[in-house]
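K.L.:
Would you be able to build a 3D model of this:
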Amino acid sequence: MSITVRIPPGFRALTKDRAEIAADGASLLQLIADMEKKFPGVKAKLFDDSGRKRKFINIYVNSEDVRFLEGENTPLDDGDIVDIVSAIAGG
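P.N.:
Numbering: from 1, shown residues only. Take a look at the predicted model:
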């Protein structure tokens, strides 16, 4: 199984400046675990110490916001595309 993960610019230092990476997992949590093995530090950017997704991070599976799917337990299939988007604040 191979999932394409699109990485936001602020995270690319962790992925050797790659905008896209391939990772595996039957669910979003498993995908994050695989990403963490390949690129240590990714999980800490996405989740806080209590294991909750950081508020400024949005994750989409095939353009669907995981908040409206099954959250971190959202199932994944071979060929899915996961977009990680970090919110930009300003005023």
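K.L.:
Contact partners for Asp24?
P.N.:
1-3, 30-31, 34 (C-beta atoms under 8 Å, 6 or more residues apart in numbering). Where C-beta positions appear, they are placed from N, C-alpha and C, glycine not excepted.
K.L.:
Give me the lowest-pLDDT entry from these.
P.N.:
When the contacts of Asp24 are compared on pLDDT, Met1 comes out lowest, with 74.
K.L.:
ok, it to Asp48 distance?
P.N.:
Separation of Met1 from Asp48 (C-beta to C-beta, to the nearest Å) stands at 28 Å.
K.L.:
residue boundaries of the strands in this protein?
P.N.:
Counting by DSSP state E, the chain has strands at residues 3-6, 20-23, 57-61, 64-65, 81-86.
K.L.:
Ramachandran coordinates for Ala13?
P.N.:
Recorded main-chain torsions at Ala13 are phi -60, psi -30, according to degrees, to the nearest 10.
K.L.:
That one - how many residues pack around it?
P.N.:
Applying other C-beta atoms under 10 Å, we find 12 residues neighbouring Ala13.
K.L.:
follow-up on the earlier one: look at Met1 and Asp48 and report which has more neighbours.
P.N.:
Met1 (15 against 10).
K.L.:
pretty sure that one contacts Asp78?
P.N.:
Yes - applying C-beta atoms under 8 Å, one finds Met1 in contact with Asp78, separated by 4.5 Å.
K.L.:
How about Asp80, nearest residue that isn't a chain neighbour?
P.N.:
In space, and not counting its chain neighbours, Asp80 is closest to Ile3: 5.0 Å by C-beta to C-beta, 6 or more residues apart in numbering.
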